[in-house]
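here's a sequence, model it:
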Amino acid sequence: MIQETKTFECRVCKSPNIIRNGTNRCGTAQYHCKDCGTYRVLSPKPVYSETDKQTVLRAGLERCSLRGVERIFDIPRQTVVRWISTHIQKLPTVADTLLPASPDDILELDEVWSFVLKKADPRWLWTAMCRRTRQIVAFAIGDRGKATCLRLWKAIPDEYKHCHTFSDFWTVYQHVFPAETHHGVGKETGETAHMERWNNTLRQRMSRYVRQTLSFSKSDLTHQMFTQWFIVQYNLDLSLTI
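Numbering: from 1, shown residues only. Model (predicted):
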């Protein structure tokens, strides 16, 4: 039999005069240094590289739940959530990701159903897409009423306010968007085909928007954060290909 003895020392002052000091809330052994008085974890977990973080973040946008990311990369879900929250706080606004507007731009409008915590608590994602660039110029999350539609209109940058807009025949649009530039049309006209196609992309890539799913948002804040993250990243990726 071969035994190996490992000697620990204080990570601050390098003194070997340390004693055990129980465990932290994660169950990791701690120590107390008798010389410098510090309290530290005995064997800290390895520091993840920036490449590891970026890989995990990209997985979070590819129809993978937080628990799925945890299982795949063997990284605690709480750590993943902390990385995502920090990353989202550093993101630019949707308006900052847009390419320059053109005088003849056309916007396509639509709303997508989702829910928070339970299906009896629905949320509608209202979006406006520029037909020329295929970028999402504005979005709003709420119910399917006039107030949420009004928030969508206010979120549209001023350089796009003059554009002709196309949507389905949902009456709320008629009360919010200018009558001289807004058009209610049927799907058979193809005037909202690009917006409808983006809705499919959203449902394919974000598990929170899949119709039959267990990967739903537990709070409105989380739902808003992940939706904004997806739209901003989508616009940024698209701007590199145009």
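
report the buried residues of stretch 13-25.
I18 (16 or more other CB atoms under 10 Å). The C-beta positions use only the backbone N, C-alpha and C, and glycine is treated the same way.

start and end of that stretch, how far apart?
25 Å (CA to CA, to the nearest Å).

how about stretch 129-147?
Distance between the boundary residues of stretch 129-147 (CA to CA) amounts to 20 Å.

relative to R11, how far out is S167?
Applying CB to CB, to the nearest Å, the value for S167 to R11 is 60 Å.

stretch 69-85: how far from the chain's middle?
Relative to the centre of its chain, stretch 69-85 is centred 14 Å away, using CA atoms, centre = their mean, to the nearest Å.

between the two ends of that stretch, how far is it?
With CA to CA applied, stretch 69-85 spans 15 Å between its terminal residues.

please identify the buried residues of that stretch?
The neighbour-count check on stretch 69-85 (16+ other CB under 10 Å) flags 69-70, 75, 80, 83-84 as buried.

do stretch 59-67 as well
Using 16+ other CB under 10 Å as the test for burial, stretch 59-67 gives 60, 63-66.

put the alpha carbons of it into CSV.
Output of stretch 59-67 as CSV, limited to C-alpha atoms (Å, rounded to 0.1, in the frame of the first residue of the first chain):
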residue,chain,number,x,y,z
ALA,A,59,-24.6,27.2,-24.6
GLY,A,60,-27.1,29.2,-22.6
LEU,A,61,-28.5,30.7,-25.8
GLU,A,62,-28.8,27.4,-27.7
ARG,A,63,-32.0,26.0,-26.3
CYS,A,64,-30.3,24.5,-23.3
SER,A,65,-31.7,25.0,-19.8
LEU,A,66,-29.6,26.2,-16.9
ARG,A,67,-29.8,22.7,-15.4
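
how about Y39: what's its closest non-neighbour residue?
In space, and not counting its chain neighbours, Y39 is closest to H32: 5.4 Å by CB to CB, 6 or more residues apart in numbering.

which SSE is R67 in?
Using DSSP states H and E, R67 falls within helix 66-73.

pLDDT on the top strand by length along the chain, on average?
In the chain, assigned by DSSP state E, the strand with the most residues is strand 118-130. Mean pLDDT, computed over strand 118-130, is 94.

tell me what that strand is packed against?
Packing contacts for strand 118-130, counted by 3 or more CB pairs under 8 Å, 6 or more residues apart in numbering; DSSP states H and E, involve strand 106-116, strand 136-142, helix 146-155, helix 193-205, helix 220-239.

recalculate using a threshold of 6 Å.
For strand 118-130, the packing partners by 3 or more CB pairs under 6 Å, 6 or more residues apart in numbering; DSSP states H and E come out as strand 106-116, strand 136-142.

so which of these gets nearest V210?
For these, proximity to V210 was assessed by CB to CB; strand 106-116 is nearest, at 9.0 Å.

list the buried residues of that closest one.
By 16+ other CB under 10 Å, the buried positions in strand 106-116 come out as 106-112, 114-116.

again with stretch 138-147
So, applying 16+ other CB under 10 Å, buried residues of stretch 138-147: 138-142.

ends of stretch 17-37, what's the gap?
End-to-end distance for stretch 17-37: 10 Å, by CA to CA.

off-centre distance for that stretch?
Centre-to-centre, stretch 17-37 and its host chain are 38 Å apart (CA atoms, centre = their mean).

got the confidence number for the residue nearest to T148 when sequence neighbours are not counted?
Nearest residue to T148, sequence neighbours excluded (CB to CB, 6+ apart): G142, at 3.4 Å. G142 is assigned 95 on the pLDDT scale.
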